[in-house]
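# Any chance you could fold what I've pasted below:
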Amino acid sequence: MATDETRAPVNETPISPPETTRSRKMSLEQHLKHRPDRAELVDKNILPESTAAPSLQEKQKELAKHMRADSLNDKISHRPSPDQLLKTGVLHDDPRSPEEKYAEAIEEEYAKREGGA
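Predicted coordinates:
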């Protein structure tokens, strides 16, 4: 064990001098002065458009998602059937069997991948 006489003196100078701390504080103040306003952050999609409390924003997002899903399901339920589209001439009957359509789709996909198109 070392005695008190052989120990090295402890350097008690601060890690960051006081002038560095003050310059950091000034730098922070300068950055805060040039901080973008809320509207700019909303335009850049950094902040949500909602003015609701942050604790409610997640529920608000979830509600909007469910409302979009309900709207899409309603629109899908009112769309015409393939038979109705065939009768009105929007769709045309394809004489090929499903197997032939599938084989052709696979060949087209391979051609796209091999050709790089």
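
# now this structure, which segments are flagged as low pLDDT?
1-5, 16-20, 116-117 (pLDDT under 70).

# can you give me the strands in it?
Counting by DSSP state E, the chain has no strands to list.

# biggest helix in it, by residue count?
Scanning the chain for the longest helix, with DSSP state H as the assignment, gives helix 54-77.

# In that helix, which residues are buried?
When burial is assessed from 16 or more other C-beta atoms under 10 Å, helix 54-77 yields no buried residues. C-beta coordinates here come from the backbone N, C-alpha and C atoms, glycine included.

# Dead centre of the chain: give me the residue that sits there.
residue 45 (9.5 Å; C-alpha atoms, centre = their mean).

# CA atoms of the longest helix of the chain as PDB?
Extracted in PDB, the C-alpha atoms of helix 54-77 (Å, rounded to 0.1, in the frame of the first residue of the first chain):
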ATOM      1  CA  PRO A  54     -49.800  14.400 -27.300                       C
ATOM      2  CA  SER A  55     -51.400  11.700 -25.200                       C
ATOM      3  CA  LEU A  56     -54.400  11.700 -27.500                       C
ATOM      4  CA  GLN A  57     -52.600  11.900 -30.800                       C
ATOM      5  CA  GLU A  58     -52.000   8.100 -31.100                       C
ATOM      6  CA  LYS A  59     -55.700   7.400 -30.600                       C
ATOM      7  CA  GLN A  60     -56.600  10.100 -33.100                       C
ATOM      8  CA  LYS A  61     -54.300   8.400 -35.700                       C
ATOM      9  CA  GLU A  62     -55.900   5.000 -34.900                       C
ATOM     10  CA  LEU A  63     -59.400   6.500 -35.300                       C
ATOM     11  CA  ALA A  64     -58.500   8.100 -38.700                       C
ATOM     12  CA  LYS A  65     -57.100   4.700 -39.900                       C
ATOM     13  CA  HIS A  66     -60.300   2.900 -38.900                       C
ATOM     14  CA  MET A  67     -62.400   5.600 -40.600                       C
ATOM     15  CA  ARG A  68     -60.400   5.200 -43.800                       C
ATOM     16  CA  ALA A  69     -60.900   1.400 -43.600                       C
ATOM     17  CA  ASP A  70     -64.600   1.700 -43.100                       C
ATOM     18  CA  SER A  71     -64.900   4.100 -46.000                       C
ATOM     19  CA  LEU A  72     -63.000   1.800 -48.300                       C
ATOM     20  CA  ASN A  73     -65.100  -1.200 -47.200                       C
ATOM     21  CA  ASP A  74     -68.300   0.800 -47.900                       C
ATOM     22  CA  LYS A  75     -67.000   1.700 -51.400                       C
ATOM     23  CA  ILE A  76     -66.000  -1.900 -52.200                       C
ATOM     24  CA  SER A  77     -69.400  -3.200 -51.100                       C
END
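
# Many thanks, have a good one.
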